[in-house]
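[1] One predicted model, sequence on top.
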Amino acid sequence: MPAASNTAKACRRCARAFLCLPFDFLPGCWREAGRLHLQWNRFTARFMPLKTPSSLCLSFWHLLALCASLLALPSHAEKADRDQPMQIEADSMRHDQARQLTQFTGKVLATKGTLVLRAARMEVQQDAQGRQVARLWAAPSDRVFFRQKREGVNEFTEGEAEQVTYDNQADVITLNQRAEVRILRGNQVADQLNGHTIVFNNTTEVMTVDGQATSGPGQRVRAILTPRNTPPAPTSDTPIAPALRASPGPVPAQKP
């Protein structure tokens, strides 16, 4: 067995020589794996028998796989609402098994993680692939309400419209007719958007707003955007004026 022992020693010397290279010139995952493997190699050299060349290479790739899995964890933990079950309360329900359609009427309240939806009527359609699309309608002269916490910050997105559609698989919320979306930082309204149709992609955090310019000036897109570097609120007893809200009608002319 002297030849096999010499081969194992030579392989270990080559591996140590490679791992002694400056790790700062390697990509992040490889650099961290190299440091971990070097520490493991020093430990096994003192307290464990010599490894064979195949087992030495296997331990190195195990470390690479471990680093890759650790780096991938945060991206899966950021968007948790989409994987949560939807819980619905209403005055009545009707389910059509053949069409895979469930209808809820009367003070509908739907929750899905931090997402909250309130409406007068709601339909949930599910296809063969398990994709669920919820459509919500408001009572006359009222609007559907939704609210959801933003990831990683103390902010909430809430909005209202006469009709709302929520696509579970795409994680997209569409608001139609008298649509309004507000971004709340703490308890204060920071940003506000008004339009005929607002589409909010929760995965990409991209929001598009469309108006109806042909039907009058009141249907144009309106926005109020607050800078993020706003100074802290004063601590005096003087009441703070509420944030301005967009008017649905035309701006009146100023007196001369």
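    Perfect, thanks for sending it.
[2] surely Asp131 meets Val172?
    Slight slip there: residue 131 is Arg, not Asp. No - the criterion here is C-beta atoms under 8 Å, and Arg131 misses it with Val172 at 11.8 Å. C-beta: built from backbone N, CA, C; applies to glycine.
[3] Tell me which of these two has more neighbours.
    Val172 (17 against 12; other C-beta atoms under 10 Å).
[4] How about the contacts made by that one?
    166, 199-203 (C-beta atoms under 8 Å, 6 or more residues apart in numbering).
[5] Tell me what it is bridged to.
    Here Val172 sits in beta bridges with Asp167, Asn201, going by DSSP bridges.
[6] Show the pLDDT at it.
    The per-residue pLDDT reported for Val172 equals 94.
[7] Please shift the residue numbers so they start at 501 in all later answers.
    Let's use 501 as the start, then, which means that last one is Val672.
[8] how close does it sit to Arg635?
    Counting by C-beta to C-beta, to the nearest Å, the gap from Val672 to Arg635 is 13 Å.
[9] Report the set of residues contacting both of those two.
    Tyr666.
[10] Stretch 676-696: which residues count as buried?
    Neighbour-count burial for stretch 676-696 flags 676, 678-685, 689-696 (criterion: 16 or more other C-beta atoms under 10 Å).
[11] meant to ask about stretch 600-617
    602-605, 608, 610-612, 615-617.
[12] Mind checking which of these land in strands?
    Residues of the buried residues of stretch 600-617 located in strands (DSSP state E): 602-605, 608, 610-612, 615-617.
[13] Which parts of the chain are strands?
    Counting by DSSP E, the strands of the chain are 587-589, 592-596, 601-612, 615-626, 632-637, 644-649, 655-661, 663-667, 672-685, 688-701, 706-710, 722-724.
[14] Switch those strands over to JSON lines; also include distance to Ala580.
    Shown next, in JSON lines, are the strands of the chain (distance: least, C-beta to C-beta, whole Å):
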{"stretch": "strand 587-589", "distance to Ala580": "15"}
{"stretch": "strand 592-596", "distance to Ala580": "27"}
{"stretch": "strand 601-612", "distance to Ala580": "10"}
{"stretch": "strand 615-626", "distance to Ala580": "10"}
{"stretch": "strand 632-637", "distance to Ala580": "17"}
{"stretch": "strand 644-649", "distance to Ala580": "10"}
{"stretch": "strand 655-661", "distance to Ala580": "15"}
{"stretch": "strand 663-667", "distance to Ala580": "16"}
{"stretch": "strand 672-685", "distance to Ala580": "16"}
{"stretch": "strand 688-701", "distance to Ala580": "17"}
{"stretch": "strand 706-710", "distance to Ala580": "19"}
{"stretch": "strand 722-724", "distance to Ala580": "29"}
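[15] so where is the stretch 551-700 of the chain shaky, pLDDT-wise?
    Within the stretch 551-700 of the chain, the ranges that satisfy pLDDT under 70 run 551-579.
[16] repeat that for 50
    551-552, 554-558, 563-564, 566-578 (pLDDT under 50).
[17] Sweet, I'm off.
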